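**Q** Sequence and predicted structure below; questions after.
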4 protein chains.
Amino acid sequence: MLKELKHFAVQTRRKFHTFPEVGFTEFITTFEIYQMLQNLSFHLYIGKEIMDSDERFGVPKVEEIEASKARAIAYGVPEAFAEKLDGGHTGVIAVLDTGRKGPHIAMRYDIDGLPIIESDEAGHVPADKGFQSQHPKEMHACGHDGHISIGLAVAKYLDKHKDELTGKFTMIFQPAEEGLRGANSIVQKGWLDNVDYFMSGHLGIHALQAGSVAATAEQILASTKFDVTFKGKSAHAGVEPNEGRNALNAAATALLQLQAIPRHRDGTTRINVGHLSGGSGRNVIADKAVMMAETRGETTALNQYMYQEAERIIQASAAMYNVKASISFMGQGLGSVCDAEWVAIVKDACKNNPDVTKVFDMLPLQASEDASYMMDHVQKSGGIATYMIFPSPLPVGHHHPQFDIDEAAIRTAVSVYIDVINYLQHR
Amino acid sequence: MLKELKHFAVQTRRKFHTFPEVGFTEFITTFEIYQMLQNLSFHLYIGKEIMDSDERFGVPKVEEIEASKARAIAYGVPEAFAEKLDGGHTGVIAVLDTGRKGPHIAMRYDIDGLPIIESDEAGHVPADKGFQSQHPKEMHACGHDGHISIGLAVAKYLDKHKDELTGKFTMIFQPAEEGLRGANSIVQKGWLDNVDYFMSGHLGIHALQAGSVAATAEQILASTKFDVTFKGKSAHAGVEPNEGRNALNAAATALLQLQAIPRHRDGTTRINVGHLSGGSGRNVIADKAVMMAETRGETTALNQYMYQEAERIIQASAAMYNVKASISFMGQGLGSVCDAEWVAIVKDACKNNPDVTKVFDMLPLQASEDASYMMDHVQKSGGIATYMIFPSPLPVGHHHPQFDIDEAAIRTAVSVYIDVINYLQHR
Amino acid sequence: MLKELKHFAVQTRRKFHTFPEVGFTEFITTFEIYQMLQNLSFHLYIGKEIMDSDERFGVPKVEEIEASKARAIAYGVPEAFAEKLDGGHTGVIAVLDTGRKGPHIAMRYDIDGLPIIESDEAGHVPADKGFQSQHPKEMHACGHDGHISIGLAVAKYLDKHKDELTGKFTMIFQPAEEGLRGANSIVQKGWLDNVDYFMSGHLGIHALQAGSVAATAEQILASTKFDVTFKGKSAHAGVEPNEGRNALNAAATALLQLQAIPRHRDGTTRINVGHLSGGSGRNVIADKAVMMAETRGETTALNQYMYQEAERIIQASAAMYNVKASISFMGQGLGSVCDAEWVAIVKDACKNNPDVTKVFDMLPLQASEDASYMMDHVQKSGGIATYMIFPSPLPVGHHHPQFDIDEAAIRTAVSVYIDVINYLQHR
Amino acid sequence: MLKELKHFAVQTRRKFHTFPEVGFTEFITTFEIYQMLQNLSFHLYIGKEIMDSDERFGVPKVEEIEASKARAIAYGVPEAFAEKLDGGHTGVIAVLDTGRKGPHIAMRYDIDGLPIIESDEAGHVPADKGFQSQHPKEMHACGHDGHISIGLAVAKYLDKHKDELTGKFTMIFQPAEEGLRGANSIVQKGWLDNVDYFMSGHLGIHALQAGSVAATAEQILASTKFDVTFKGKSAHAGVEPNEGRNALNAAATALLQLQAIPRHRDGTTRINVGHLSGGSGRNVIADKAVMMAETRGETTALNQYMYQEAERIIQASAAMYNVKASISFMGQGLGSVCDAEWVAIVKDACKNNPDVTKVFDMLPLQASEDASYMMDHVQKSGGIATYMIFPSPLPVGHHHPQFDIDEAAIRTAVSVYIDVINYLQHR
């Protein structure tokens, strides 16, 4: 049975790999997850049932959501189903309540792709094996296709064993993890209330032989994502340069000065401006510039330090050139610490698992995750939470056009989740 | 007769206003000019006959030229004609040789539009009167539509009086003045050799009642237009910021530092970065950035000073971040000085012209012009050259979506050119 | 007689060259001028009679003034005399009122030295001839020693001819021209009220054979001199870099950003930070930085533009690093235009002067002068004003340790002033 | 006996507190240490015997060393003794070889003061008790006076017990720890060869009740100290700004850009420019600027990363303004890791010590230390090394004019060193 589930997970991952959709536009993805869960014994929730609309971060423009919806309908998603996801309310939550006394276990699987053009070069496995992205500008370049299929395999396992299991299972297929945009809206809707055990995790991250698992992760960096728009005044650069208020100058100043935020005594911090664009004609003083930025910190406080410094620097850069700066909040993740108890749980649970070659107590994530909102909520409510890592050989880094996962890591993850679920039944 | 010509110029200007085409893509414009000159007694030259292909600056990408060509064919330009302009060899040169001993007079009229979306607001005359641009992203926002029609009216005059006139007339309908890209290629082909008198000019510039003319212009700024590409290396901004080589940092540094080039003792200088764009995802160290820049100087030497400083600063900015910078030359204009003799010529020529309310000796242009290449060549060959200005009320500045010219200035210009031509016959 | 005066001027210049004193500390200089004028028929004014204390700019610290006073007393200046100059009220005004109806002519000669160590290398004339500075850190490196002696020679001439002359003569031996600090306080005291003709001038500036004079100067740049102090908070750079507020960062940002103030359509502008110093230990975040800066403009309005931009940039730079910036005003000059009538006056006056080889209508000064305050006041009161230039070969530029003047230029200047005075008697 | 030693240490510390001398100028300090050791059974080494002259870093100018030497002679140091320290060869090494088989234990005590003016405010204990610095511009503001006296007390203990002890003891009274300048020269001379156990330590650092000790320190940051000189070309900022090559611009650019060196994946890094000074007159383009800088890293590799980036940035900043930059190496420390065995050693050794209230396994130093050179050498040769911390209440931070140590911490340190020495005898 486990063997079949693992095979199922790999096949399913390849299927989902072909129609990646970026955050809050996962119409096809949501539909296909829903289809696969429909015949199992879960209560399924979609649309506004699963999230507080106003607590989503960085929702795309209506046009983008609509374009993805139209593509989904063309693909075969029934219009009535697509309507329920209107306005970007994508994702599925599946609940199995055994009715028997036992723990409430919640698991989170993120489902969104990235705005990356997938490589079609020889040697890139999805291309070689014919399951590369069919969406010209989107790609599953971070392994969320694998996460979906792990979640679906676990769901099948729960369904199969529903008469033996106790307690309650909440499986969250979350949209818009990239940019840290979706998790908070699900937490705010109450889905993480009264959870005893929360698990999530990530494929890859550490380039190691597949088969190992980190019971917990450290350095889940708090992060704030934000856009900045600078508005000045254009003028002819030859005739009257003094009449302009140069928005590009303000943006370039902010971009450079942000990097001078002092390193902090208390730990790791990060800042990045990943994109900047501004100005129009060559001979015109630029009247507008836009940049995409993010801060990070090893703790929520360190991220807060970075963000507050950033705010002041951005406003000072604008003042420098007499232009206006406005900051738009685009996403956020907290700094998280996994509960240490999970080390023993995962180690004990997997001790006879032949797929698992090694259980690390802890590996660094060194990145941000909005599962942190769920972890934080569960921990504050008295439950415990972990974020596991399932290493895999990585031909290139995450978010790269040739990103790929060794599917053996998917198999490992399926078996770890099932072992831990069983272990928690009797803890 | 003159009245008809002036009426013709205004009507023709309105026609050309409807199909603006940016530099080196003036397929319709070239065709329409050719059509109008075809029945007159000029020898007409087009395509590679009029320019040295390799001496053009800033030729657009093949796709852009092809798109404009396709549009022209759809408009009705015969495919065979369009073929002759292939690769962006637009523009027309019309030569009338009277066969009689007399001066060789060359005139230059620029014909290109701008990549600006024309306003359709009430109060914008072309919109109100129904002759606004039919090309959604292009506009005659600098008055070159008027320049074309002035040139065509003058051509009709020359044709009408061909039996009385002496010497030779070369009328250059030049593509790609914007960005200072077309003139040099025409000079290099030899069209300005052995010219005795060279005239060009501009509508507008000074917002005054129509009816005046500046016999000469000063402050025709030398200028170099160039693009810069910075190439670095991307990396995940959270996981391994030290692995990146930040191209946006290099570009922002260059952008700011360029403005610190010291002012020069010898006169006016300018620098501008009108556009900057770089980076990809928010959490990725930017591996590429591109900027559009220009230098100017009151003289060719001052522009050279600015450009040489700029080159060093750009390379140092790249070195600062261990990235590569490459500079692409996009266009150039020289610093020009009109020959002082023209003050008397224009004044004497127009003294009985009822359309001309005032002849200024000289007005500042404070901008750049690639007619400067033609002026320079003529002056070096022993001829004399001027650049006249025909002021007009201006509701907004040049290169603005609501730019418009008082058509009375077009009428003034037609009559001035004709008067001066007649005057030069007997000088 | 004129020959003697010219000889006297040269000898006197050498004397004054030996005890240069910087602005508002000219105790010896004031005393020696006073001594030489004492036996002539002038009314002499010193101390608070000649200036409005509070309208002086950039007065040095008490200690510096006291040190110079003590040095003067040691030199032989009577203590009672020195007391009258207390607090830096240096300089002399000498008035000769003939009692006869005639014009009121005012002349200004600046008397201060510079904080420069004079060269003692062979080839430097003052060193070779033994009249170099006896003050180890001060030097007459801008020719004001010459200006004093020209003024004294002219005074002797006026005294000699007092019975033939008409009108009134006000001779201003002004302290603290360097840094543009002294003139305003004299104007505010009323000494330039009711002046018909105002003359001042400068030796050198243009490196030409001595013997020529420019009747007027152009490009007398308006200028504002100011110091900026940035105050932040120190912290150990290793242990807690985040605790500092870096004053050096703010100062460096201001220094660079000031240079990005856009060039102005209306004419020449300048900005400079000539000195910056900040921080303490290598491993301490700098809590203080100080810089000396200046703006200039071809007109008072252009200088105002520069200064207002500078103010905003300085405050924004401070805000960037959460430090405080305070700006101290140190001196100021206006943009001046000489009255055009002086061209004819000087030309006519000197037409038979054998010392004058050429009278230029106008030469550019391209620097700043606080005589501008006097010119401005005279012009606003209905008088006319000029600033003459007396070119000289210059082995090196002004303000250089080897600066020197060809004394023939002093002789020329003496004869020009006398010729013009005589000419004005009969105008 | 121990009680007396502790009393001796406190008195001795107060004595040394009165004549602080900065690195490589510790003439009086060296003499007084020598005097106190002279009657004990150590072999004493001074001058060029203890260090490789050329392996010292950041040796002061000859004038500064000579001034300190003269002061020492005036103080009473015999001229012959002072001669032996000529050129800044300060410090003492004291060796006690018992002749009996046993471990070779080396201890290092740093002896230099800081260029800080000591506070004389009430409440500052050294002022209140009358042992404040007698050297107007120097101060023991980092506790090295305490280190000296701890070393001397330990020496007295060793001398007293020389007949019971085994093995060999090398006591290094090292000059010039501040700036990380002295240690390397001692290592290069061979004094750390064949050492089994190396101990050093620091008073203060953590503001805790006196009585605790950290058996080891972490985060001993590798560091490179360097000065940078930028040389450009001056010019009159008004007349010919284009003729200058602005050294202050280059320095300000480097200062700001250095802070943009990306944070590193592998751990803590630091950069600081603690001092910058440049330029001369307000209206002169600055031709020279000098800055004092330092890099740090949690490991030697991380510091290397920072320093290499810094070098490139400095050169690029110079190239930006066409000036020359030269970098002078001023000092260096390595990244060190204490051997973990020391935790058990110190804990066991002190378990019955009534002065020791708590033994921490490890506390962070978060600063740099050139004892790291000694530790590194001992560790590479097969010995083990530690760096202990002796916390104390701290009224203000280290390097502050009111810095002071609770003398109880000195007593604790004396007893810990003695306990550990005894423990190591039998290990």
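**A** Alright, I've got the coordinates.
**Q** Bridged to A:Arg296, which residues?
**A** A:Ser223, A:Arg270 (DSSP bridges).
**Q** I figured it was touching A:Asn303, is that so?
**A** Yes: proximity of A:Arg296 to A:Asn303 meets the contact threshold set by C-beta atoms under 8 Å, at 5.9 Å. Using the backbone N, CA and C atoms, a C-beta is placed for each residue, glycine as well.
**Q** Looking at these two, which is more packed in?
**A** Between A:Arg296 and A:Asn303, counted using other C-beta atoms under 10 Å in any protein chain shown, the more crowded position is A:Arg296 (29 against 25).
**Q** list residues touching both of A:Arg296 and A:Asn303?
**A** A:Leu221, A:Ala222, A:Ser223, A:Thr269 (C-beta atoms under 8 Å, 6 or more residues apart in numbering or on different chains).
**Q** could I get those residues as CSV with distance to A:Lys69, pLDDT and neighbour count?
**A** Formatted as CSV, the shared contacts of A:Arg296 and A:Asn303 follow (distance: C-beta to C-beta, whole Å; pLDDT from 0 to 100; neighbours: other C-beta atoms under 10 Å in any protein chain shown):
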residue, distance to A:Lys69, pLDDT, neighbour count
A:Leu221, 33, 95, 30
A:Ala222, 33, 96, 26
A:Ser223, 29, 96, 30
A:Thr269, 39, 95, 23
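**Q** just curious, which of these is nearest to chain D?
**A** A:Thr269 (6.8 Å; C-beta to the nearest C-beta).
**Q** measure that closest one to C:Asn322 for me?
**A** A:Thr269 sits 17 Å away from C:Asn322, going by C-beta to C-beta, to the nearest Å.
**Q** next one: A:Gly201
**A** Counting by C-beta to C-beta - A:Gly201 and C:Asn322 are separated by 41 Å.
**Q** Same check on A:Ser200?
**A** 38 Å.
**Q** Which residue of those two possesses the greater neighbour count?
**A** A:Ser200 (26 against 16).
**Q** which neighbours does the strand or helix carrying that one have in its sheet, and in what orientation?
**A** Under the criterion of DSSP states H and E, A:Ser200 resides in strand A:197-207. In the sheet, strand A:197-207 lines up against strand A:104-110 (parallel), strand A:384-392 (parallel) (DSSP bridges).
**Q** tell me which residues of that strand are tucked away?
**A** Residues of strand A:197-207 classed as buried under the neighbour-count rule (16 or more other C-beta atoms under 10 Å in any protein chain shown) are A:Tyr197, A:Phe198, A:Met199, A:Ser200, A:Gly201, A:His202, A:Leu203, A:Gly204, A:Ile205, A:His206.
**Q** A:Ala222 contacts A:Leu302, doesn't it?
**A** Yes: applying C-beta under 8 Å as the test, A:Ala222 and A:Leu302 come out as touching, 6.9 Å apart.
**Q** Neighbours of A:His161, how many?
**A** Count around A:His161 with other C-beta under 10 Å applied: 15.
**Q** in the stretch 151-300 of chain A, which segments are predicted with low confidence?
**A** Low-confidence segments of the stretch 151-300 of chain A (pLDDT under 70): none present.
**Q** Up against chain D, what does it have?
**A** A:Leu256, A:Gln257, A:Gln259, A:Ala260, A:Pro262, A:Arg263, A:Arg265, A:Thr268, A:Thr269, A:Arg270 (C-beta under 8 Å from any C-beta of the partner chain).
**Q** want to throw these into CSV with secondary structure?
**A** Listed next are these as CSV, based on DSSP: H, G, I helix; E, B strand; the rest coil:
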residue, secondary structure
A:Leu256, helix
A:Gln257, helix
A:Gln259, coil
A:Ala260, coil
A:Pro262, coil
A:Arg263, coil
A:Arg265, coil
A:Thr268, coil
A:Thr269, strand
A:Arg270, strand
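**Q** which SS class is A:Ser149?
**A** A:Ser149 is classified as helix under three-state DSSP.
**Q** tell me the SS of the nearest residue to A:Leu334 once chain neighbours are set aside?
**A** Spatial nearest neighbour of A:Leu334, excluding adjacent residues (C-beta to C-beta, 6 or more residues apart in numbering or on different chains): A:Ser372 at 4.0 Å. Here A:Ser372 takes the helix state, with states given by three-state DSSP.
**Q** Distance to B:Pro78 added to the shared contacts of A:Arg296 and A:Asn303, as TSV?
**A** Formatted as TSV, the shared contacts of A:Arg296 and A:Asn303 follow (distance: C-beta to C-beta, whole Å):
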residue	distance to B:Pro78
A:Leu221	64
A:Ala222	66
A:Ser223	60
A:Thr269	66
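**Q** one step back: I'd like the next helix or strand past the strand holding A:Ser200.
**A** strand A:212-220.
**Q** Buried by neighbour count: which residues of that following strand qualify?
**A** Neighbour-count burial for strand A:212-220 [16+ other C-beta under 10 Å]: A:Ser212, A:Val213, A:Ala214, A:Ala215, A:Thr216, A:Ala217, A:Glu218, A:Gln219, A:Ile220.
**Q** Bridge partners for the third one, pull those for me.
**A** Partner residues in beta bridges with A:Ala214, using DSSP bridges, are A:Phe360, A:Ile389.
**Q** how much space is there between it and D:Lys347?
**A** Noted for A:Ala214: a distance of 32 Å to D:Lys347, by C-beta to C-beta.
**Q** can you tell me which helix in chain A is longest?
**A** helix A:300-320 (DSSP state H).
**Q** who in chain A is up against chain C?
**A** A:239-244, A:246, A:249, A:253, A:257, A:260, A:262-266, A:285, A:305, A:312-313, A:315-317, A:319-320, A:322.
**Q** Report the buried members of those residues.
**A** Buried among the residues of chain A next to chain C by 16+ other C-beta under 10 Å: A:239-244, A:246, A:249, A:253, A:257, A:260, A:262-265, A:285, A:305, A:313, A:315-317, A:319-320, A:322.
**Q** Could you pull up the residues touching A:Asp145?
**A** Contacts for A:Asp145 (C-beta under 8 Å, 6+ apart) come out as A:Arg13, A:Arg14, A:Phe16, A:His17, A:Pro20, A:Gly113.
**Q** for the first one, what are its contacts?
**A** Going back to what we said before, that points to A:Arg13. A:Arg13 neighbours (C-beta under 8 Å, 6+ apart): A:Asp145, A:Gly146, A:Ile148, A:Ser149, A:Glu407, A:Ile410.
**Q** Check the fourth one too.
**A** Under the criterion of C-beta under 8 Å, 6+ apart, the contact list for A:His17 reads A:Pro126, A:Phe131, A:Gln132, A:Ser133, A:His140, A:Asp145.
**Q** same thing with the third one?
**A** With contact taken as C-beta under 8 Å, 6+ apart, A:Phe16 is in contact with A:Thr29, A:Glu32, A:His140, A:Asp145, A:Ile148, A:Ser149.
**Q** how does it look with 6 Å?
**A** Going by C-beta atoms under 6 Å, 6 or more residues apart in numbering or on different chains, A:Phe16 touches A:Asp145, A:Ile148.
**Q** what about it, helix or strand, and which?
**A** helix A:2-17.
**Q** For that helix, buried residues please.
**A** So helix A:2-17, judged by 16+ other C-beta under 10 Å, has buried residues A:Leu5, A:Lys6, A:Phe8, A:Ala9, A:Val10, A:Thr12, A:Arg13, A:Arg14, A:Phe16, A:His17.
**Q** Next: stretch A:284-298.
**A** A:284-298.
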